[in-house]
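Novice: kindly generate the corresponding structure for this input.
(chains A and B)
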Amino acid sequence: MSSATDRTTESLAGITRNWLGQWYAAWEEFWFLPSQPHTLALIRIFGGAMLFYTHLVWSLQLTEFLGPHAWINSHASFLLNRGADGSNYAWSHLWLSESPTYIWITHLLALAVFACLTLGLWTRCAAILALFFTISYCHRLVGSLFGLDQVNAMLAMYLVCGRSGDAWSVDQWLRVRRHGPAPAVSSAGTTVVIRLIQIHLCVVYLFGGIAKMRGSDWWDGSAMWFALASYEYQSLDLTWLVRWPWILALLAHLTVFWETFYVALVWNRLTRPIALGMAMAVHGGIALAMGMKTFGLAMIIANLAFLKPSESQAIVGWLCAPVRRWLSRS
Amino acid sequence: MPSAMKENSPLVTNSPAVQPWRSPWRGLVSLFLIYHLLAVIAPPLHAITYGRSLDRSPLTTIVLAVVRPYMGAMFLDHGYAFFAPEPGPLHLVRYKVEFADDRPPIEGRFPNLQEERPRLMYHRYFMMAESLESAFIPPTEPPKPVPPPANDPNRLKLHIEQEANYNRQLSQWQVRRSQYEQLRRSMIDHLEHKYPEGTATLTRVRHRLLSPPEVQYEQLRLDDPSTFIDLPEDDAPQPLPMPEVLP
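Specialist: Numbers count the residues shown, from 1 in each chain, chains lettered A, B, ... in the order given. Coordinates of the predicted model:
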């Protein structure tokens, strides 16, 4: 009797050990299986360009938003960063001085950093500084931010790690010139970064979907009408769809379903193209109809994290083909 | 990695040059990843876990407190509730700068698509108007609780709980009211600096969304003047729907 109990206990312990071992192996491979840098490099190029454009636009009214008499001055922005309990962990180099000279010098430096990140010049250094400037601007400019800034900050944060400069970069071009061609290095750091972007994106969509499910208008389909009838957002008049309420309802239901289940659909190789295709459609629609081209594009850039490095190479090859053809002709 | 997961993995590892990490380093990174992901998940989880009283889940409140310093420093405090729980009315700010002499007043509003270009700049002004509205909290302090009946056997316990709850509400009201007042003051200061010797006033304006029948049968335009409603600065009731986060 006693030996039978011992055998059962041993068997249970073995099953548990085996299960934990599988978890450990899965964790290790999910996060640390080295991967090639092409997808991360693609995100660096487009994400860096979006960071550059976002901050370039601030240049048009820099002192209106950051100067001593800004719409939201330093003191107000500092207070807005306080939580309901009064705590404040935000920081910004833009709180150090409101002098227009200081603001312009640091702003030009930030633009140079974003340009370096996009081009892949001194990439690691540029990525660290890009994160510093991006978060610094976000904390200072609280009150005039929207989803674009959240995605920008997310990409800037993750580009600090990983070897995004190992492909399609000035750094790589210089390395090849000095030492000759070499294969791209697969790195665990690159995998960690890609996984973090993927999971962060899943969190964004999952909670976006759940939050919509708390409202009644997304259930009866009228939310899509109200989104399209938001005059201040509207860049394409689609109110004629009022005659086909079933289309509006279909779009609303598809949006909620896709957003909520993206977290599941995107990990399976069969449903991944559907999840990513829907992302293109939804964010493309937001960009065209609701005037948020930058936000739509930023979300599409983040979705690139689900491309295999070989797929990223194919995309870049396809994008560069016309340039190559033109160069060979001339 | 289980074979199915490996097969589905979007990563390719057939490069001849590989840089794996050593085990202790992977362990440390794993611990950091868990903490980081907690900081990513905690804010949106906290944002949606509210009930009828609009009080948040005590569990997510604790988790949020654990990650708050990191979350605050890394700009991770987002609910991601875009156009949720439902698309609500939009908000604008109308301003007027008046002068003591006989100069005509300067009036304007933001966002204004005619003045703010490119579209991204327009969105900055749009979000500023929305921020002023979402920061608004009436100028009256939350009401003091009614003391429990004298014959209640748990009177002392209830009284202590009520006081603690009231002090928490009062402290939150003070933080939010000071945020709103400072934001409003800052916008007024900006206008008065831009137009010297002028006195600026701001009005928050709500732009009501039209229902399908109003557009289809009543032929109302989305920017019909009747859809813009001036919002009061005092405690007058404001027809506010559920909280909504705009992208």
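
Novice: A:Leu94 versus A:Leu129, what's the distance?
Specialist: Per CB to CB, to the nearest Å, A:Leu129 is found 15 Å from A:Leu94. Where C-beta positions appear, they are placed from N, C-alpha and C, glycine not excepted.

Novice: meant to ask about A:Arg329, not that
Specialist: A:Arg329 sits at a distance of 48 Å from A:Leu94 (criterion: CB to CB).

Novice: which one's more surrounded, the two?
Specialist: With neighbours defined as other CB atoms under 10 Å in any protein chain shown, A:Arg329 and A:Leu94 compare such that A:Leu94 has more, 22 against 6.

Novice: so what's the more buried one up against?
Specialist: A:Leu66, A:Ser74, A:Ile103, A:Thr106, A:Ser136, A:Tyr137, A:Arg140 (CB atoms under 8 Å, 6 or more residues apart in numbering or on different chains).

Novice: same check, this time on A:Ala223
Specialist: Contacts of A:Ala223 by CB under 8 Å, 6+ apart are A:Lys212, A:Gly215, A:Asp217, A:Ala252, B:Phe83, B:Glu86, B:Pro87.

Novice: ok, A:Leu241 next?
Specialist: A:Trp225, A:Leu228, A:Ile247, A:Leu248.

Novice: before we move on, what about B:His159?
Specialist: Neighbour list for B:His159: B:Pro147, B:Pro148 [criterion: CB under 8 Å, 6+ apart].

Novice: let me know the secondary structure of it.
Specialist: State at B:His159, reduced to three classes by DSSP: H, G, I helix; E, B strand; the rest coil: helix.

Novice: ramachandran coordinates for residue 91?
Specialist: Just so you know, I chose chain A. Torsion angles at A:Trp91 (phi, psi; degrees, to the nearest 10) stand at phi -140, psi 160.

Novice: that answer is for a different chain, and I need it for chain B
Specialist: When quoted as degrees, to the nearest 10, the phi and psi of B:His91 stand at phi -130, psi 150.

Novice: one more: A:Met224?
Specialist: phi -70, psi -40.

Novice: burial count for the nearest residue to it once chain neighbours are set aside?
Specialist: Among residues not flanking A:Met224 along the chain, A:Ala252 sits closest, at 4.0 Å (CB to CB, 6 or more residues apart in numbering or on different chains). Applying other CB under 10 Å, we find 22 residues neighbouring A:Ala252.

Novice: residues in contact with A:Ala252?
Specialist: So A:Ala252 contacts A:Asp217, A:Trp218, A:Gly221, A:Ser222, A:Ala223, A:Met224 (CB under 8 Å, 6+ apart).

Novice: mind listing what's buried in the helix or strand hosting A:His107?
Specialist: Following DSSP states H and E, one finds A:His107 within helix A:100-119. By neighbour count on 16 or more other CB atoms under 10 Å in any protein chain shown, the buried set for helix A:100-119 is A:Ile103, A:Thr106, A:His107, A:Ala110, A:Leu111, A:Val113, A:Phe114, A:Ala115, A:Cys116, A:Leu117, A:Thr118, A:Leu119.

Novice: show me the two of these that sit farthest apart.
Specialist: By the measure CB to CB, A:Ile103 and A:Leu119 form the most distant pair in the buried residues of helix A:100-119, at 24.7 Å.

Novice: can you pull out the low-pLDDT segments for chain A?
Specialist: For chain A, the stretches flagged by pLDDT under 70 are A:1-2.

Novice: please enumerate the strands of it.
Specialist: Assigned by DSSP state E, the strands in chain A fall at A:185-187.

Novice: chain center to the helix or strand hosting B:Gly27, what's the gap?
Specialist: Under the criterion of DSSP H and E, B:Gly27 resides in helix B:23-48. How far helix B:23-48 lies from its chain's middle: 24 Å, per CA atoms, centre = their mean, to the nearest Å.

Novice: ok, is that helix in contact with chain A or not?
Specialist: Yes - contact of helix B:23-48 with chain A (CB under 8 Å from any CB of the partner chain) involves B:Arg26, B:Val29, B:Ser30, B:Leu33, B:His36, B:Leu37, B:Val40, B:Ile41, B:Pro44, B:Leu45, B:Ala47, B:Ile48.

Novice: could you check that helix and say which residues are buried?
Specialist: B:26, B:29, B:33, B:36, B:38-48.

Novice: on that earlier part again, could you export the buried residues of helix A:100-119 as JSON lines, including distance to chain B?
Specialist: As requested, these are arranged in JSON lines below (distance: CB to the nearest CB, whole Å):
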{"residue": "A:Ile103", "distance to chain B": "15"}
{"residue": "A:Thr106", "distance to chain B": "18"}
{"residue": "A:His107", "distance to chain B": "15"}
{"residue": "A:Ala110", "distance to chain B": "15"}
{"residue": "A:Leu111", "distance to chain B": "15"}
{"residue": "A:Val113", "distance to chain B": "17"}
{"residue": "A:Phe114", "distance to chain B": "15"}
{"residue": "A:Ala115", "distance to chain B": "18"}
{"residue": "A:Cys116", "distance to chain B": "21"}
{"residue": "A:Leu117", "distance to chain B": "17"}
{"residue": "A:Thr118", "distance to chain B": "17"}
{"residue": "A:Leu119", "distance to chain B": "22"}
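
Novice: appreciated, that's everything.
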